[in-house]
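Engineer: sequence and predicted model, in that order:
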Amino acid sequence: MRIAMSMVLCAGLAAVSAAQDAAKPSDAAVHVRKLTLTATDLPNADWRPIAASLEGSSFSAEDLEDRIQQKLRDQGYYFAHIENPQFANTRPDGSANSADVSVAFEAGNQYAMGEITFKGATQFKKELLRSQFPITAGSVFNASTISAGLENLKSMYEAQGFADVGAVPAIAVNEEHRVIDVTVEVEEGYPYLFGQLTLDGAEPMPGEDKRLLTAWKEVEGKRYNPEVLKKWLAANAPKSPKDAPPIHPHAEGIADTAAHLMNVRLRFQ
């Protein structure tokens, strides 16, 4: 049996209950001294590594639920259901409170990684697109790895000028084999070229505006690439007067969608 659905992969986007248990002290962040995790359907499983990774940090009850949800999804328990955290031994700890926390949940089935396929992608071979996702078919499904792959894919497109690229994942669940397949629909958009450079703010030194605008000719008209922009900024950092603090310009990309140009505004700060 296969079930198709939209996919939520980003950390902190787990579904949470609107009703909050009376044991939760408040919506404020609480320092977690000790965390105890119990799966009602897997009583003998060891959840200590997940608990240990969250101990010593501060979370609101909702944030803690989200973190646990994401970590379970990263171990293949994609449909785990998290109960409200229970706080005990709450006491002042600096400017906040600390507490021992226990969380019960229903883990559900553990899923393996299936196939990753792509729709709407024409600029790169499917093998290259697939290589951006560092997870193999048959391994334990890991939601964060899929999210990382989506970012890798978008960076690859952006390096070729596709500043408007979008990548929307959806999953299909095979309950019989406990496998999750992922389909990524790619909206490539159009490639951008570097457009004009404009300067905003007082000229840091006489002649700096002219120098920067002249140097910009090196990239103007070429394929837009965020890394190329970073290197250009590093190589052409505005000079400041002697004994004056260094200038840290802020570059802002302004897309001309009609002309497919990425203009850049450089603000002196």
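Structural biologist: Nice, I can see it. Residues are numbered from 1 along each chain as shown.
Engineer: tell me where this protein has strands.
Structural biologist: Along the chain, the segments classed as strands by DSSP state E run 2-6, 30-39, 58-59, 81-82, 86-93, 96-106, 112-119, 166-174, 179-187, 193-200, 250-256, 261-267.
Engineer: sheet partners, orientation included, of the fourth one?
Structural biologist: Paired strands of strand 81-82, with direction, are strand 96-106 (antiparallel) (DSSP bridges).
Engineer: how many other residues sit next to Asn44?
Structural biologist: Asn44: 5 surrounding residues under other CB atoms under 10 Å. From N, CA and C alone the C-beta is placed, and that goes for glycine too.
Engineer: repeat for Ala143
Structural biologist: Neighbours of Ala143 (other CB under 10 Å): 26.
Engineer: wait, isn't it in contact with Phe79?
Structural biologist: No - between Ala143 and Phe79 there is no contact under CB atoms under 8 Å: 11.4 Å.
Engineer: tell me the confidence at Ala22?
Structural biologist: Confidence at Ala22, expressed as pLDDT, is 37.
Engineer: follow-up on the earlier one: need the strands of the chain in a markdown table (columns: mean neighbour count and mean pLDDT).
Structural biologist: Output for the strands of the chain, formatted as a markdown table (neighbours: other CB atoms under 10 Å; pLDDT from 0 to 100):
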| stretch | mean neighbour count | mean pLDDT |
| --- | --- | --- |
| strand 2-6 | 10 | 48 |
| strand 30-39 | 19 | 97 |
| strand 58-59 | 18 | 96 |
| strand 81-82 | 20 | 97 |
| strand 86-93 | 14 | 93 |
| strand 96-106 | 18 | 95 |
| strand 112-119 | 16 | 98 |
| strand 166-174 | 17 | 97 |
| strand 179-187 | 19 | 98 |
| strand 193-200 | 17 | 96 |
| strand 250-256 | 13 | 93 |
| strand 261-267 | 18 | 95 |
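Engineer: now distance to Gln75 too, for those, in a markdown table please.
Structural biologist: Output for the strands of the chain, formatted as a markdown table (distance: least, CB to CB, whole Å):
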| stretch | distance to Gln75 |
| --- | --- |
| strand 2-6 | 20 |
| strand 30-39 | 11 |
| strand 58-59 | 19 |
| strand 81-82 | 14 |
| strand 86-93 | 22 |
| strand 96-106 | 12 |
| strand 112-119 | 11 |
| strand 166-174 | 16 |
| strand 179-187 | 13 |
| strand 193-200 | 44 |
| strand 250-256 | 38 |
| strand 261-267 | 40 |
